[in-house]
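Novice: pasting the structure only:
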C-alpha cells in the first residue's frame, strides 16, 4: 500500500494555537497534511489512549493515516496505521515482530548507519533530522544537507525530514528526492493552521502560491 508522506504533522499540544487537538488536526488536514503523528510525551496512558481515539476519529473521516509516537501499545489499541520510534526506544526489529507486517513502522535516523539499520530491521519509512535547530527537541542530533543526501542514496525507504522545517527552507528538499516534510510548530503553532499547512505543501512541491497569502 502506498502512503503519501508529503506533509506529515507531528502534534504538540503545548504549542498549538487552538483550543483542542482534534480541531488543530482537522485544520491541518484541511490545509493538506497527508499524515498525522500523535506525540504525547507527558500524558498518562489512559489520557493518551483517549486522545488517540479522538484524533483517530478525525483522521479516519478524511482517510488520513494516524501514526502514534513511541507507544506501541496505544498504536495497537486504537488500531492506528502505524507507530514511529526513535533510536532510544525498542529496537525496530523487535517492534516489527510485535506489530506484525500490516502496520507502518517509522524510525528516526540521524546517520547513514542508523538509516541502513532501520531499513534492514523492517522500517517502512525514516524520519531524518534534526535538519535545523528546533525548540521542540533540543537534544536532537543535527544532520547536514550532505549527510541527508548520503542517507537518501544509501536507502530506498521513503524519507521525511524533521527539525526546524518552515516556509523558509521547505522548498529545499523535494529536488533531493525527499518524500515529505515532518513539521511541528510551523503548522500547529500558527494562528491559521490550515493556511500554514497549505503554504508549506506548496513550497515543498514547488508550486506557486495560490492561496492568497
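Specialist: Here it is on my side, so go on. None of the values given here were measured: they were computed from a predicted structure.
Novice: need the longest strand for the chain.
Specialist: strand 104-109 (DSSP state E).
Novice: now what about whatever helix or strand comes next after that strand, what contacts it?
Specialist: Proceeding N to C from strand 104-109, the next assigned helix or strand is helix 112-120, under DSSP states H and E. By C-beta atoms under 8 Å, 6 or more residues apart in numbering, the surrounding residues in contact with helix 112-120 are 87, 92-93, 107-109, 126, 128, 147, 150-151, 154-157. C-beta coordinates here come from the backbone N, C-alpha and C atoms, glycine included.
Novice: got it, and stretch 74-82?
Specialist: So stretch 74-82 is contacted by 3, 38, 45, 48-49, 52-53, 56, 65-68, 83, 98-99, 103-106, 124 (C-beta under 8 Å, 6+ apart).
Novice: now these: which count as buried?
Specialist: 3, 38, 48-49, 52, 56, 65-68, 83, 99, 103-106, 124 (16 or more other C-beta atoms under 10 Å).
Novice: okay, and which of the contacts of stretch 74-82 map to helices?
Specialist: 45, 48, 49, 52, 53, 56, 98, 99 (DSSP state H).
Novice: what's the most distant pair in those?
Specialist: Maximum pairwise distance among those (C-beta to C-beta): 20.6 Å, between 53 and 98.
Novice: low-confidence bits of this structure, can you list those?
Specialist: Confidence mapping of the chain against pLDDT under 70 gives the ranges 138, 208-213.
Novice: let's see it at 80
Specialist: 1, 134-141, 208-213 (pLDDT under 80).
Novice: strands of this protein, start to end?
Specialist: Under DSSP E, the chain gives strands at 7-10, 35-38, 66-69, 82-85, 104-109, 125-128, 159-162, 180-183.
Novice: can I get those strands in CSV including distance to residue 24?
Specialist: Output for the strands of the chain, formatted as CSV (distance: least, C-beta to C-beta, whole Å):
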stretch, distance to residue 24
strand 7-10, 9
strand 35-38, 10
strand 66-69, 14
strand 82-85, 18
strand 104-109, 21
strand 125-128, 20
strand 159-162, 18
strand 180-183, 12
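Novice: of all those, which one comes closest to residue 29?
Specialist: strand 35-38 (7.2 Å).
Novice: check contacts around residue 149.
Specialist: Counting by C-beta under 8 Å, 6+ apart, residue 149 has contacts residue 176.
Novice: separation between it and residue 40?
Specialist: Per C-beta to C-beta, to the nearest Å, residue 149 is found 33 Å from residue 40.
Novice: check residue 181 too.
Specialist: 21 Å.
Novice: which one's more surrounded, these two?
Specialist: Neighbour count, other C-beta atoms under 10 Å: between residue 181 and residue 40, residue 181 has more, with 27 against 21.
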